[in-house]
Each structure stands twice: as structure tokens, then as C-alpha cells.
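Colleague: below are the sequence and a predicted model for it; my questions follow.
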Amino acid sequence: MDGLVSPDGLVSLAYDYPVLGVFWTVMWFFLWVLWLSVLFRVIFDIFRDPHLGGWGKTGWLLFVLFVPFLGVLVYVIARGQDMGRREIEHAKQKRAAYDEYIKQVTGGGGSADELTKLSELKARGDITEEEFAQAKQKLLS
């Protein structure tokens, strides 16, 4: 312990060692970013839940905003299992809407004109190579 105490009686901190100071700063920064991502994920989940009424959403939102650490902890404990299910449902809905959009843009049939439209979409960068291959396979089958 004598090696950590300076001649004036103060205890050495991490900032007396620059590398350790950088480590602590980076660690706290990443923990802060992680905290913000969890907080916003909970807030988005509050609004995404169709089974939660207006007063329920208001209550949870006020709880999470005014007592953030406790609010997020209680929300994740009480409603955390359904968060993943709602996230999956949301992703499926987005995928179905995207597939419907591709069908509208390509015309939904199997002619050469529709393949041309697909290749134009790919050339413009509106769809990826995998999406092009899937849509082409659907048109040709």
C-alpha cells in the first residue's frame, strides 16, 4: 500500500497512469453507449406493444424516464420475455411489407419484362444480389 500513497499522503488514482486512464475512459464510454441502447430499446418496446393501453404506455414511459435505472430494470424483469417476441413480429411485418413492395415493383408475374425490371432495380442498388436471386427464382418457378 505504501507504493500507492504519494509523498503528500494522497492515494494514486488511475489517472496517474495514462494507459489505465484511457482504459477507464473507454470502458465508461462503452458502458454509457450500452446503457443508451438498452434505454431506447425499452422505450421503443413500450410503444410497439399493441396489448399495452395508452395509460399503461404512459405509466411505463414516465417510470422509465424519471427513474431510468430502476424503470428499465423493472420493465425488463416484468416484460422482458415478450420484448424478443415483439421484435421478431416487427421484423416479420417489415419483411412482408418489403416482399409486397418487390411484388408491386416487379409486377408479380414471370415474363422477360419483369426480369428486366428486376435487373434494373439491382443495377440501381435498390435491391441486393441475394434479393435479386430470390426474386428471380420466384419469377422463374
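Modeller: That came through fine.

Colleague: list the buried ones in stretch 74-84?
Modeller: Y75, R79, M83 (16 or more other Cβ atoms under 10 Å). (Glycine included, C-beta is placed from N, CA and C.)

Colleague: how is L52 assigned, secondary-structure-wise?
Modeller: Secondary structure, DSSP: H, G, I helix; E, B strand; the rest coil: L52 is coil.

Colleague: coming back round to it: out of the buried residues of stretch 74-84, flag the one nearest to T25.
Modeller: Y75 (29.4 Å; Cβ to Cβ).

Colleague: apart from its neighbours in sequence, what residue is nearest the closest one?
Modeller: Spatial nearest neighbour of Y75, chain neighbours left out: V42 (5.3 Å); criterion: Cβ to Cβ, 6 or more residues apart in numbering.

Colleague: pLDDT below threshold where in the protein?
Modeller: 1-17, 106-112 (pLDDT under 70).
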